[in-house]
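Undergrad: The following block contains a protein sequence and its predicted model.
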Amino acid sequence: MAKLPNIIEKDRSLWKVLVFAIRESIKGSPGYSVARYIFATINATLIFVQFGGLAIIVNEFTRAGIQNAHLNVIVGAFALIVTGTLVPSIVASLSNFVFSVQFNDMQKHIQKIIFSKMDSIDIATVEHSEFQNMFDVASNRGWGAMTNSVNTVSNSLGNITALVIATVSLIVISPIVLVVLIASAVPTYFLEKKNAERTAELWKASSEQRRTWNSKSEPINKKDKLIELKNFNLVKIFSRKWQEAIGAYYDKEKKLDKKTLGNEILGDVLLILGYSISFFLIILKIYEGGLLLGSLLFTFTVISRFQSAIQALFENFGRLNEQKKYLNTFMDFTEIKPLIVSGDKLLDPHAPITIEFKNVSFSYPGTTKKILKDISLVFSPGENIAIVGLNGAGKTTLIKLLTRVYDPTKGKILVNGISLKEYDLKSWKECLGILLQEYAIYSEETVEENIMLGDTSKHDSKFVIASAQETTIADVIVSLPEKYNQKVGTEFKGGVEFSKGQKQKLALARTLYRNAPIMILDEPTASIDAVSEDTIFKHLKANHTDQTRIVISHKFSNVRDSDQIILIQNGSILEQGSHEELIGLNGTYKELFELQAEGYR
Ligand SMILES: Nc1ncnc2c1ncn2[C@@H]1O[C@H](COP(=O)(O)OP(=O)(O)O)[C@@H](O)[C@H]1O
Ligand SMILES: [Mg+2]
């Protein structure tokens, strides 16, 4: 498949990605994010206060002797110890609380970003594997990467504060120790960075593979699909395929983990070496009389804290390179522009609408095969149009162009003489009542809500009932214990399950409830029994005379009295006209019609 022009992979700097994470964290949870950053900074300073107090006490005893130590110095230092111990534990509890609120806020925020992006981009993009690979990383790793980055930033604020205090102390106490400590910690950053990048690359490179194993586990986990697997005794086979797919990935991960382990051990050895040399240098200083015992104690704290802070910083920033890659992909995702761009002209749904296809040709994005070839058509306001043809002829594709799921590759669709592309997309959709072959019934919503979702701008229970009556589902609904308030989906408490045909009736009722000026029905009765089908078509003809109706149907008896019948074959219009005209042509339509009629004799 060719690449989609609207999917652009950028390589952003760590800095840019972090700024994005912090900005979004503050947008998603302003108060709690700022509080977290402040708490982290406060706590980092307090350990020095604690050990500073201890050092003062020991120094005072060493300097003045046990008997002569100044009580006010001892008490003052003790107060420092108490403050340095108590405040951090309180702040830590506060931090935990703030963290869990911020965590939830951010999850909501990120999900909102994802949902609104899914609203703004088009199906053409969504169904492309390139998008799916990006979406896999963005949706599965984006949120985690965001929280991880925000955690790292908040921890780093603490560590940077600690590092500054420790550095200043070490410059005063022993600059050479400072140099040794820095030198021993630097490799940690590069080792962690390498590990992190490798992990992220593996994740990104294997999203197709991951989706492969999901495609094997999903049918086992979803009730609708599990039925078929069981009927064909396929659960074991799918389970095996899943294990094979996941096993191959885990093998790669294991190899990577081994490399990571080696790097981590190397980093630790270097750090301990740095620590030992520093320790040795400080002991030497005591021998030379350059340091009091209390200061020795403080210096050890400073060294430990310096080392743990610099190690944590380097480790965290090294690891951030993994999160960076996920966030980078998440940012790519948020920047996807739709292929189908909305215009700004508004349509009046109450004025008559004329639709014209002018030499329209179409290939699906990323493919070259022409699915529609040079289609020219006119649909007048209030006209009844039937589209017929064999499977794969291009009927649904034609509807997808009209509903702007896709735009034509060549030619134009005109609405009231103006290109469809110039109209506001939402305004155009308001003119359409669409029932596709793949329709949705929404679980957990009631029957009434399922119908009312057809038009959220009105709340008309009477019209819900009228629509349900037209599609013959009303009889079923009134026999339910809760009637129109019955929840749909047995997986929810009190929910009921509809049969396939009943579901189609419910979905059709939703489309009728919309009462749009243009009704588009793609095989609307494919799963519906013959008696109901007959009633539904009678209702459609009798009650919807002022709406333009475009119906795709395989049953010619349903559509023979349409104003215009269009027979599509291999993406081209083969025959076109009223039933009588087409029979008069003595061509394919007549042949297909008679074949069906034969079957009923
Ligand atoms: N999303 C898609 N991407 C690529 N090809 C598609 C897609 N959807 C349908 N096609 C192809 O377009 C052709 C016409 O499909 P369609 O319009 O759905 O036929 P029908 O006349 O049965 O409704 C088929 O050959 C199908 O394989
Ligand atoms: Mg179809």
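TA: Happy to help now that I have it. Ligands and ions are numbered 1, 2, ... in the order given.
Undergrad: Quick check: residues of this protein near ligand 1?
TA: Contact residues, the chain versus ligand 1 (Cβ under 6 Å from any ligand atom): Glu127, Tyr364, Thr367, Ile371, Gly389, Asn391, Gly392, Ala393, Gly394, Lys395, Thr396, Thr397. For the C-beta atoms, the positions are set from N, CA and C on the backbone; glycine is no exception.
Undergrad: Just flag the most distant two among the residues you listed.
TA: Greatest spacing in the residues of the chain next to ligand 1, by Cβ to Cβ: Glu127 and Gly389 (22.8 Å).
Undergrad: neighbour count winner among the two?
TA: Higher neighbour count among Glu127 and Gly389: Gly389, with 24 against 13, using other Cβ atoms under 10 Å.
Undergrad: so where's the stretch 1-150 of the chain uncertain?
TA: Applying pLDDT under 70 to the stretch 1-150 of the chain picks out residues 1-2.
Undergrad: Let me see the ranges of the helices in the stretch 51-200 of the chain.
TA: 71-120, 123-126, 129-173, 175-205 (DSSP state H, counting those that start in this stretch).
Undergrad: Just send those helices back as TSV, with mean neighbour count too.
TA: Shown next, in TSV, are these (neighbours: other Cβ atoms under 10 Å):
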stretch	mean neighbour count
helix 71-120	15
helix 123-126	18
helix 129-173	20
helix 175-205	18
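Undergrad: Of all those helices, which one comes closest to Leu54?
TA: Smallest distance to Leu54 across the helices of the stretch 51-200 of the chain (Cβ to Cβ): 6.0 Å, for helix 71-120.
Undergrad: Tell me the helices and strands packed up against the closest one.
TA: Judged by 3 or more Cβ pairs under 8 Å, 6 or more residues apart in numbering; DSSP states H and E, helix 71-120 is in contact with helix 14-28, helix 30-68, helix 129-173, helix 293-334.
Undergrad: now these as a markdown table including distance to Val531?
TA: Formatted as a markdown table, those follow (distance: least, Cβ to Cβ, whole Å):
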| stretch | distance to Val531 |
| --- | --- |
| helix 14-28 | 54 |
| helix 30-68 | 60 |
| helix 129-173 | 42 |
| helix 293-334 | 49 |
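Undergrad: Help me confirm that Leu521 is found in a strand?
TA: Yes - counting by DSSP: H, G, I helix; E, B strand; the rest coil, Leu521 is part of a strand.
Undergrad: I'd like the distance between it and ligand 1.
TA: Leu521 is 13 Å from ligand 1, where distance means Cβ to the nearest ligand atom, to the nearest Å.
Undergrad: quick one: secondary structure of Phe498?
TA: Quick answer, by three-state DSSP: Phe498 is coil.
Undergrad: Excluding sequence neighbours, find me the nearest residue to it.
TA: Computed as Cβ to Cβ, 6 or more residues apart in numbering, the closest residue to Phe498 that is not its neighbour in sequence is Leu506, at 6.3 Å.
Undergrad: Ok, Leu585 next?
TA: Glu575 (5.8 Å).
Undergrad: list the buried ones in the helix or strand containing that neighbour?
TA: In this structure, Glu575 is located in strand 572-577 according to DSSP states H and E. Within strand 572-577, the residues that count as buried by 16 or more other Cβ atoms under 10 Å are Ser572, Ile573, Leu574, Glu575, Gln576, Gly577.
Undergrad: quick one: contacts for the last one?
TA: Which is Gly577. Gly577 is in contact with Gln564, Ile565, Leu585, counting by Cβ atoms under 8 Å, 6 or more residues apart in numbering.
Undergrad: Out of those residues, the closest to ligand 1 would be?
TA: Ligand 1 has its nearest neighbour among those in Ile565, at 14.8 Å by Cβ to the nearest ligand atom.
Undergrad: Now do the SS call for the closest one.
TA: Under three-state DSSP, Ile565 falls in the strand class.
Undergrad: Any buried residues in stretch 542-556, and which?
TA: His544, Gln547, Thr548, Arg549, Ile550, Val551, Ile552, Ser553, His554, Lys555, Phe556.
Undergrad: Please apply the same query to stretch 408-420.
TA: Buried positions in stretch 408-420, judged by neighbour count with 16+ other Cβ under 10 Å: Pro408, Thr409, Gly411, Ile413, Val415, Asn416, Leu420.
Undergrad: How about stretch 4-16?
TA: For stretch 4-16, burial by neighbour count (16+ other Cβ under 10 Å) applies to Leu4, Asn6, Ile7, Arg12, Leu14.
Undergrad: Stretch 329-342 now?
TA: Buried residues in stretch 329-342, counted by 16+ other Cβ under 10 Å: Thr329, Phe330, Met331, Asp332, Phe333, Ile336, Pro338, Leu339, Ile340, Ser342.
Undergrad: Tell me if I'm right that the fourth one and Lys10 touch.
TA: Yes - at 6.1 Å, Asp332 and Lys10 qualify as touching, with contact defined as Cβ atoms under 8 Å.
Undergrad: got the contact list for the closest residue to Thr167 other than its chain neighbours?
TA: By the measure of Cβ to Cβ, 6+ apart, the closest residue to Thr167 outside its immediate chain neighbours is Leu178, 6.5 Å from it. Going by Cβ under 8 Å, 6+ apart, Leu178 touches Thr167, Leu170, Ile171, Phe306.
Undergrad: Tell me the one of the residues you listed nearest ligand 1?
TA: Ligand 1 lies nearest to Phe306 out of the contacts of Leu178, by Cβ to the nearest ligand atom, at 59.1 Å.
Undergrad: Tell me how many other residues crowd the closest one.
TA: So Phe306, with other Cβ under 10 Å, has 24 neighbours.
Undergrad: ok, now the one 5 residues further on?
TA: A count of nearby residues for Gln311, using other Cβ under 10 Å, gives 21.
Undergrad: looking at it, it is touching Ala185, isn't it?
TA: Yes - with contact defined as Cβ under 8 Å, Gln311 reaches Ala185; the gap is 5.7 Å.
Undergrad: overlap in contacts of the two?
TA: Taking Cβ under 8 Å, 6+ apart as the contact rule, Gln311 and Ala185 both touch Leu271.
Undergrad: Just the pLDDT at Tyr600, thanks.
TA: In this model, Tyr600 is scored at 66, pLDDT.
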